[in-house]
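Sequence and predicted model, in that order:
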Amino acid sequence: MQISGVWNDTTVILTADHALRTAALGGNGDRRVPFLIRTAGHSNRLAVDRPFNTRILKDLMAGLFDGHIANQSDIRELLEKAPDEK
C-alpha cells in the first residue's frame, strides 16, 4: 500500500476469530481478541480500555462505508457505547 501510494488514504482493521489460546501454555485463558484499527490519515494511537463485543465490527464497517464514521472520535464513540462481551 505504501508503494502504490494509498497507505495514508486507507483504513485497516485487524482482528481474529478467536481469543489467544494461552491456557495450554500455562496462561490464564484470556478471552480477548486483537482488535486493531489504523485509520486513514491518522498516525496517533486510539485506545479503548473497556471490553466490547467484536460483533460491533458490522456497525463499524457500515459507518466507515456510508460516511457516518469519519474519524477516530467517531470510532471511539461507537466502541465506548457498544455492549460489553457478556
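In hand now; what should we look at?

okay, CA-based contacts and neighbour counts for the rest of this
Will do.

Please enumerate the strands of this protein.
Using DSSP state E, the strands found in the chain span residues 12-15, 35-38.

neighbours of the nearest residue in space to Arg38 that is not next to it in sequence, just the number please.
Computed as CA to CA, 6 or more residues apart in numbering, the closest residue to Arg38 that is not its neighbour in sequence is Val12, at 5.1 Å. Val12 is surrounded by 11 other residues when neighbours are defined as other CA atoms under 10 Å.

Thr54 now?
Thr54 is flanked by 20 other residues according to other CA under 10 Å.

cool, Met61 as well?
Met61 sits with 13 neighbouring residues when counted by other CA under 10 Å.

Contacts only, for Ile75.
60, 69 (CA atoms under 8 Å, 6 or more residues apart in numbering).

Start at 422, not 1
Happy to do that; since the first residue is 422 now, the last one works out to Ile496.

Could you check how far it is from Lys502?
Applying CA to CA, to the nearest Å, the value for Ile496 to Lys502 is 10 Å.

Over to Lys479?
Counting by CA to CA, the separation of Lys479 from Lys502 is 14 Å.

for Ala437, same thing?
21 Å.

Between those two, which has more neighbouring residues?
Taking Ala437 and Lys502 together and counting by other CA under 10 Å, Ala437 has the greater number of neighbours (12 against 9).

what residue ranges in this structure are flagged as low confidence?
By pLDDT under 70, the weakly predicted segments of the chain are 440-451, 506-507.

can we see that at 50?
Residue ranges of the chain with pLDDT under 50: none are present.

sorry, back to before: among the strands of the chain, which is the most enclosed?
With neighbours taken as mean count of other CA atoms under 10 Å, the strands of the chain reach their highest mean count in strand 456-459, at a mean of 15.

so what strands line up beside it?
The strands that strand 456-459 pairs with in its sheet are strand 433-436 (antiparallel) (by DSSP bridges).

Dump the strand it pairs with to CSV, keeping only the CA atoms.
What follows is the C-alpha trace of strand 433-436 in CSV, where atoms were taken according to Å, rounded to 0.1, in the frame of the first residue of the first chain:
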residue,chain,number,x,y,z
VAL,A,433,-7.0,-1.1,8.1
ILE,A,434,-8.8,-3.3,10.6
LEU,A,435,-7.0,-6.3,12.0
THR,A,436,-8.8,-8.8,14.3
